[in-house]
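Enquirer: give me a model of this one.
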Amino acid sequence: MHPKNAFYAQSGGVTAVINASAAGVIETARAHPEAIGTVYAGANGILGALHEDLIDTAAESAETIRALRHTPAGAFGSARYKLKGLEENRAEYERLIEVFRAHDIGYFFYNGGGDSQDTAHKVSQLGEAMGYPVTCIGIPKTVDNDLPVTDTCPGFGSVAKYIAVATREAGLDVASMAQTSTRVFILETMGRHAGWIAAASALAREAQGDPPHVILLPEVPLDEQRFLERVKASVEGFGYCVVVVSEGVKNADGTFLSDQGTRDAFGHVQLGGVAPAIAALIKNTLGYKYHYAIADYLQRAARHIASATDVEQAYAVGQAAVEQALAGRNAIMPTIVRESDAPYRWHVGEVALAEVANVEARMPAEFIDASGFFVTDACLRYLRPLIAGEDYPPYRDGLPDYARLRGERVTPRLPDFRA
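Expert: Residues are numbered from 1 along each chain as shown. Below is the predicted model of the structure:
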């Protein structure tokens, strides 16, 4: 029986280490030519399958694929594109199976968050129903760290490291000028419903009085009066205040502070600009001079300061996805299973896609302190190993030297797709 080809796609917001997962998939598949033929990558994620725009990874050298491990963003292109339910949008799912059949693809590796795991699960079901079974393995990825079951999500450790470093460095800057200049600095992080990224800023604190002084989490509705009292106490006690705020912070009535009134392709409320809203509240009430920064894409693209733990785990889940597929597993996602905090030990496990599809994991209550403005020691014990170690990319002429793909396309065999 001849080896089936594989399809790999990246989905949703990219990370500093998603390409490490891609390297894990491709290098492991290349080590098993008797079972897997060519790995095709979707140009711009799942859109590459819908429009039969496939990248032939066999045209990339071993050196280039190896370099993906230290290259940020989505090397093959990603997309915020959610396939709807099978009943309401069966045509798109059938198109995926048609493309897979046309290119002799028997393996589907989908690298993304909860929505992506849902798609992989549905494809596994439909392939069986259409008489063309496809082995579907989800690969976890999200900076938000909000996938259930897995101890952590590849991509989170590096953004957590970036935010912790940024908080410490900006804190030193503000402290040095607070007497005559800025008294309050606000750093806005990603995190729609889960405050993991903002919480990671707590790792910057080494001693009482160090920043961050206030962390605003989506899990805790904002009490403006208590918040302003906390800011004032920090300025009066330490001379300045550093606030880290998650983009998903909500008012007491449950509405987002930074709701822009629009939705993205996944149906999520578009957020952005909570830092200036918090800054205006402080200025108008307390009168302090402030500065704010919105980390935005910088936090998830910062491969130059990636966590070594994160890089290793991202590669491991890509590798495990192929190994699990070859072992006959289907409709599952590899997970990170924590064995101990210190020393930090972990191994790769698995979970059924049905258990993680469209499910968000928020910070547990025991990770948020009684004030609601900081995290507990239990949270810090959880976070510390995830940012551990450095895995610097190679540098050339003073800048990181990242992989560049040839991106050779596969000749289409089907008519153009019209949804």
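
Enquirer: so A120, which of the three states?
Expert: Put simply, A120 is helix when judged by DSSP: H, G, I helix; E, B strand; the rest coil.

Enquirer: residue contacts, it?
Expert: F108, Y110, C136, I137, G138, A331, M333, L353 (CB atoms under 8 Å, 6 or more residues apart in numbering). Backbone N, C-alpha and C define where each C-beta goes, glycine included.

Enquirer: most neighbours among the residues you listed, please name it.
Expert: Highest neighbour count within the contacts of A120: G138, with 33 neighbours (other CB atoms under 10 Å).

Enquirer: coming back round to it: which one of the contacts of A120 is nearest to P393?
Expert: Checking the contacts of A120 against P393 by CB to CB gives Y110 as the nearest, at 25.9 Å.

Enquirer: pLDDT of stretch 317-324, averaged?
Expert: If you average the pLDDT over stretch 317-324, you get 98.

Enquirer: hang on, the earlier thing: which pair in the contacts of A120 spans the largest distance?
Expert: Spatially, the most separated pair among these is F108 and M333, at 12.4 Å (CB to CB).

Enquirer: so which of the contacts of A120 would you say is closest to F374?
Expert: M333 (32.2 Å).

Enquirer: give me the distance between A275 and A301.
Expert: The gap separating A275 from A301 is 19 Å, by CB to CB, to the nearest Å.

Enquirer: which one of the two is surrounded by more residues?
Expert: A275 (25 against 16).

Enquirer: for that one, helix, strand, or coil?
Expert: Assignment for A275 (three-state DSSP): helix.

Enquirer: can you tell me the helix or strand for the most centrally placed residue in the chain?
Expert: Geometric centre of the chain, nearest residue: T142, 2.0 Å, by CA atoms, centre = their mean. Under the criterion DSSP states H and E, no helix or strand holds T142.

Enquirer: what sits against A16?
Expert: For A16, the contact set (CB under 8 Å, 6+ apart) comprises P72, G155, S158, V159, Y162, R300, A301, A302, R303, A306, D310.

Enquirer: okay, helices next: where are they in the stretch 251-400 of the chain?
Expert: Remark: helices assigned in the stretch 251-400 of the chain by DSSP state H, counting those that start in this stretch are 274-286, 296-301, 308-326, 353-356, 377-383.

Enquirer: deepest in the core, which of the ones you listed is it.
Expert: Stretch with highest mean neighbour count among those: helix 308-326 (a mean of 24; mean count of other CB atoms under 10 Å).

Enquirer: list the helices and strands that helix packs on?
Expert: Packing partners of helix 308-326 (3 or more CB pairs under 8 Å, 6 or more residues apart in numbering; DSSP states H and E): helix 18-30, strand 105-112, strand 135-140, helix 156-177, strand 332-340, strand 345-352.

Enquirer: on that earlier part again, now the helices of the stretch 251-400 of the chain in a markdown table, with distance to N44?
Expert: Output for these, formatted as a markdown table (distance: least, CB to CB, whole Å):
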| stretch | distance to N44 |
| --- | --- |
| helix 274-286 | 29 |
| helix 296-301 | 17 |
| helix 308-326 | 19 |
| helix 353-356 | 22 |
| helix 377-383 | 33 |
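
Enquirer: fine, thanks again, bye for now.
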